[in-house]
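Undergrad: need a 3D model of the following:
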Amino acid sequence: LQSVKAGLLYMLAQFSGAFLGALILWGCSSSLTAFCYNESFDGVTDGSVVSGVCQASALPDGSGYGPPFGLGVNQVGPRVSSGSAFLIECMGTYLLVFTVLHAAVHSKSTAGNAAPIAIGWSVLVAHLVLIPFTGCGINPARSF
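TA: Now for the predicted structure:
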């Protein structure tokens, strides 16, 4: 009975953390584009940070504004071909799978409780490299 309670508490903590993280990301990205429609932020319109964000977050068809700089959007960048995007997504996926297999699954691994740290760092590196190109799904089957 104790392990069931601990499992439920763990699941609740994971759900709460994911929900709060998504809420924080939404709040940050929506506040960046809040002033895009009137292009006025304290009377400064030319060369301001707000107008730069508005230019970066304008949708290609001109119908409005999306997430600034494509945050959270899983699409191929304008200067990247589909084949190149697929290849770099495969490389990011390989990095993640290689790290998981060698840090957490391999029988001779000495990572122990540090395996999640290694996995987290590989996810961070993959995101830092891949977000400008593909939005970083780290899963070619989902990305294409």
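Undergrad: mind checking the pLDDT average for the longest helix seen in the chain?
TA: Counting residues, the longest helix in the chain under DSSP state H turns out to be helix 2-32. In this model, helix 2-32 has a mean pLDDT of 82.
Undergrad: check the gap between residue 118 and residue 102 for me.
TA: Shown here: residue 118 relative to residue 102, a distance of 8 Å by Cβ to Cβ, to the nearest Å. Heads up, the C-betas are built off the backbone N, CA and C, glycines and all.
Undergrad: for residue 25, same thing?
TA: Taken as Cβ to Cβ, the span from residue 25 to residue 102 is 30 Å.
Undergrad: residue 102: how many residues sit nearby?
TA: By the criterion of other Cβ atoms under 10 Å, residue 102 has 14 neighbours.
Undergrad: how about residue 112?
TA: Residue 112: 8 neighbours (other Cβ under 10 Å).
Undergrad: which residues touch it?
TA: Under the criterion of Cβ atoms under 8 Å, 6 or more residues apart in numbering, residue 112 has no neighbours.
Undergrad: for residue 132, same thing?
TA: residue 77.
Undergrad: what helix or strand is it on?
TA: In the assignment (DSSP states H and E), residue 132 maps to helix 115-134.
Undergrad: excluding sequence neighbours, find me the nearest residue to residue 125.
TA: residue 95 (6.9 Å; Cβ to Cβ, 6 or more residues apart in numbering).
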